[in-house]
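Asks: From the sequence below, what's the structure:
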Amino acid sequence: MSQLVERAAERADPHVLPDEEAAALLGDTTWRRFAVLGDSLAAGVLEATPGYAPVSWADRLHGVLRRIDPGVAYLNLGRRGLTARQVRATQLDRALDFRPDLAALVCGGNDVLAPSFDPGSVHDDVDAQVKALTGAGATVFLYGLMDIAKGVPELARIRPRLADLNALVLEVARRHGALYVDLWDHAAAGDRDLYSSDLLHMSARGHAHIAALTVRALADRTPPAARDAVAVAVPRPGWAPDEADVERPSIARMYDYLLGGTRHTAADRAVAHAAVAAAPGIRLTLWENRKFIKRAVRYAVGRGVDQILDIGSGIPARGAVHEVARRTDPSVRVVYADTDPVAVERGAELLAGTPGCASVRGDLTEPGKVLALPEVASLLDLDRPVALLLVNVLHFVDPDLVGAALAEYRDRLAPGSLLAITHGTADGTGATDGAADGAASLSDVYAGAYGHMTMRTRDEVTALFGDFTLVPPGVVDLPDWRPAPSPLSARLGGRAGSLSCYAAVGVKGPA
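Replies: The predicted structure is shown next:
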C-alpha cells in the first residue's frame, strides 16, 4: 500500500528514513520474528498527514525487515485503550508463544491519562513483560514517549506524568539490557502535525519519525549481553548548549524536572524517579525550598541589602530571585552562578534586557574565581553587604572542600552581609518513623549519580555559618524559617521534619 501513496513531503522530511536507507542500516541483522505488544501506539492508530504514507511505525519497521528477508514473521498484538496491566494480562503469553527474537513493548500511556496514575504498578507490569521477553531470548525495545506538550500546550498538565512514565521505563530497560528509544527531546516534538487532532495519538508523520528513530537505534544495538540500555542518538535538545553533557545526569536538570520544567533528559528523569522512590516527599521539599528562597530574599531586601549572589542557582523557575527582589526594590543587583551550562544559559535568557543582573558559570568550591568573574566584579560591590544564597546545594559538594570555601566567602563579604543556606539532613527531627532511613536511601541515589551527597546534622549545618550570627529562629526545619501562610506548611504541621531539610540565615555582625 505504501508504494501507492504520494510521499513527496515524506521524502523531503529530514527526520524520515527512506525504506532503502533503513534497510541498509539494518542489513546485518538476524531478526526474523518480530512481535509488538502494547496500546494504540503499538497498534498503529494514526491520522493521515498529507504527503506521508498512512503506515504505522511498526508496519514500517516490518517492511524494512522484509526488504532484508521476505520471510520475516510479524505479530502485532497492539490494541487501543489498554493499560500496562491489561497488556500484560492479554498479550504477553501470546507473544511468548510466537517465540520472537525482536519485540517492542509500548504501554503506560493510558495509565498516565487515568484519574489515578500509579507509577509503581506500571513499573511492575512493564518490568514483568520485559523480563519474560528478554528471558525468552528476544531483543526488546521500549520507548520514552515524546513531550507532546511542546506541540500541544493544552496537555502541559500531563507532562510530569509522562516524564515519570519514561523514567520508570528507562529503569526497566537498564535492568534487563533492553533498548530504550528516547523520543522525549526529538527535534520535531514541537510540531503539532506530529500528533492527531484528538490530541491522544500520533499522525502519519509522527509514525514515520518514530520508525526512523527506531531503525537508527536498532542499527546501533550493542550485543544482547550488555546490561545497560542504549538510548537512541536523537538530535541534541535545542536548549542544550554545546558544552552541556546531555548523556550524564545533571543536578540542575533533575531538579528542573521535579519542579515541572522542560530542560531535562532521560538520564535526569531516571535519577529523579529513583529519588522519588527513595524519598516520596522530595517534590514537597523542593517547593518548600522555593518558598524559603522568596522569604529569605524579602528578608534581605527588607534589611536594605541590594546585592544578591545566588550560587548553585540551578535552572531558574517561576518566582526567580531577581523577580522577587525587584518587586520590593527595583534597583537590586542579582548574579546567578552555577556549574551547569544549561542553568547558566537559561538564566541568561531569563535576564535578557534586565540591567544589573547576570548569569555566570562558576564553581562554588572556587570562591576566588567566582568573585573575580567580570560580571560579579562589575555588578557586586563587596565592600557593601551582599546576600549570598546557597540553597539546596552544599550537600552535593565534596565535603573536603566545603569548609574552606565557606570560610573564604564569609571572609570576603562585608559586615551586614547575609548567608542563607538550606541543607539535607538525616536527623529525622519531628519525622515519622523511617524518615532517616529514607534520607540515607536518597543519599545513595544522589551519590551514585553525582559523586557526592553529604547529609548533615543540625549542629553541622550551624557550623557552616562560622562566626556569622544566626537570624532567629536559627537552624530549623525548612518550612519553619519565618513561615508565610502556606497550605503545604499547614498540612505538614508538626511533621515538617519529614522533609529532611534544614534552613537558616546568618548575618555578618550583630543580627
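Asks: for the stretch 101-250 of the chain, what spans make up the strands?
Replies: For the stretch 101-250 of the chain, the strands defined by DSSP state E, counting those that start in this stretch cover 102-106, 139-144, 179-182, 202-203, 230-231.
Asks: Kindly confirm whether my reading is correct that residue 369 touches residue 363.
Replies: Yes - counting by CB atoms under 8 Å, residue 363 is a contact partner of residue 369 at 7.0 Å. For the C-beta atoms, the positions are set from N, CA and C on the backbone; glycine is no exception.
Asks: Same drill for the two, tell me which one is more crowded.
Replies: Neighbour tally, residue 369 and residue 363, criterion other CB atoms under 10 Å: the higher count belongs to residue 363, 16 against 11.
Asks: Roughly how far does that one sit from residue 179?
Replies: To residue 179, residue 363 is 36 Å away according to CB to CB, to the nearest Å.
Asks: Pull the number of nearby residues for residue 470.
Replies: 16.
Asks: Grab the nearest non-local neighbour of it.
Replies: Spatial nearest neighbour of residue 470, excluding adjacent residues (CB to CB, 6 or more residues apart in numbering): residue 506 at 5.2 Å.
Asks: For the host helix or strand of the one you found, enumerate the helices and strands it packs against.
Replies: Assigning secondary structure by DSSP states H and E places residue 506 in strand 501-507. Secondary-structure packing of strand 501-507 (3 or more CB pairs under 8 Å, 6 or more residues apart in numbering; DSSP states H and E): helix 282-302, strand 418-424, helix 458-463, strand 469-470, strand 476-477.
Asks: if you compare those, which one is most tucked away?
Replies: Mean neighbour count, computed with mean count of other CB atoms under 10 Å, is highest for strand 418-424 among the helices and strands packed on strand 501-507, reaching a mean of 25.
Asks: which strands and helices sit next to that strand?
Replies: Secondary elements touching strand 418-424 (3+ CB pairs under 8 Å, 6+ apart): helix 282-302, strand 387-391, helix 435-450, strand 501-507.
Asks: of the ones you listed, which approaches residue 483 most closely?
Replies: Closest approach to residue 483 among those (CB to CB): helix 282-302, 7.7 Å.
Asks: ok, then the element right after the closest one?
Replies: strand 307-311.
Asks: got the angle for that following strand vs strand 387-391?
Replies: Here strand 307-311 runs at an angle of 20 degrees relative to strand 387-391 (axes from the mean of the first three to the mean of the last three CA atoms, to 10 degrees).
Asks: ok, then the element right after strand 307-311?
Replies: In N-to-C order, the element after strand 307-311 by DSSP H and E is helix 321-328.
Asks: what's the angle from that following helix to strand 307-311?
Replies: Per the same axes, to 10 degrees, the angle that helix 321-328 makes with strand 307-311 is 160 degrees.
Asks: and this structure, what are its domains?
Replies: Domain assignment of the chain by automatic domain parsing yields the ranges 2-235, 282-434+451-507.
Asks: any chance of the ones you listed in TSV, plus distance to residue 264?
Replies: Output for the domains of the chain, formatted as TSV (distance: least, CB to CB, whole Å):
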stretch	distance to residue 264
domain 2-235	7
domain 282-434+451-507	9
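Asks: so which of the ones you listed comes closest to residue 245?
Replies: When these are compared by CB to CB, domain 282-434+451-507 sits nearest residue 245, at 8.7 Å.
Asks: now for the helices and strands packed on strand 501-507, which one comes closest to residue 323?
Replies: Nearest of those (CB to CB): helix 282-302, 9.4 Å.
Asks: Give me the residues contacting the closest one.
Replies: With contact meaning CB atoms under 8 Å, 6 or more residues apart in numbering, helix 282-302 is reached by 255, 258-259, 275-276, 279, 308, 317, 319, 321, 324-325, 328-329, 332, 387, 389, 391-392, 418, 420, 422, 442, 471, 478-479, 481-484, 486, 488-489, 492, 499-501, 503, 505.
Asks: Figure out how far it is from the centre of its chain.
Replies: 21 Å (CA atoms, centre = their mean, to the nearest Å).
Asks: which one of the domains of the chain lies closest to residue 270?
Replies: domain 2-235 (4.8 Å).
Asks: Would you pull up how far that closest one lies from the middle of the chain?
Replies: 21 Å.
Asks: For it, the averaged confidence score.
Replies: Domain 2-235 shows an average pLDDT of 89 in the prediction.
Asks: my guess is residue 85 meets residue 118, correct?
Replies: No - look at residue 85 against residue 118 with CB under 8 Å: they stay out of range, at 9.8 Å.
Asks: List only those of the contacts of helix 282-302 flagged as buried.
Replies: 255, 258-259, 275-276, 279, 308, 317, 321, 324-325, 332, 387, 389, 391-392, 418, 420, 422, 442, 471, 478-479, 481, 483, 489, 492, 499-501, 503, 505 (16 or more other CB atoms under 10 Å).
Asks: about what we covered before: so the residue nearest to residue 470 sits against residue 462, correct?
Replies: No - at 9.2 Å, residue 506 does not count as touching residue 462 under the criterion of CB under 8 Å.
Asks: which residues are in contact with both of these two?
Replies: Residues touching both residue 506 and residue 462 by CB under 8 Å, 6+ apart: residue 470.
Asks: Distance-wise, check the spatially closest residue to residue 112 that is not a sequence neighbour relative to residue 391.
Replies: Once flanking residues are discounted, residue 112 sits nearest to residue 161: 4.4 Å by CB to CB, 6+ apart. Using CB to CB, we find residue 161 at a distance of 27 Å from residue 391.
Asks: swap in residue 299?
Replies: In terms of CB to CB, residue 299 sits 13 Å off from residue 391.
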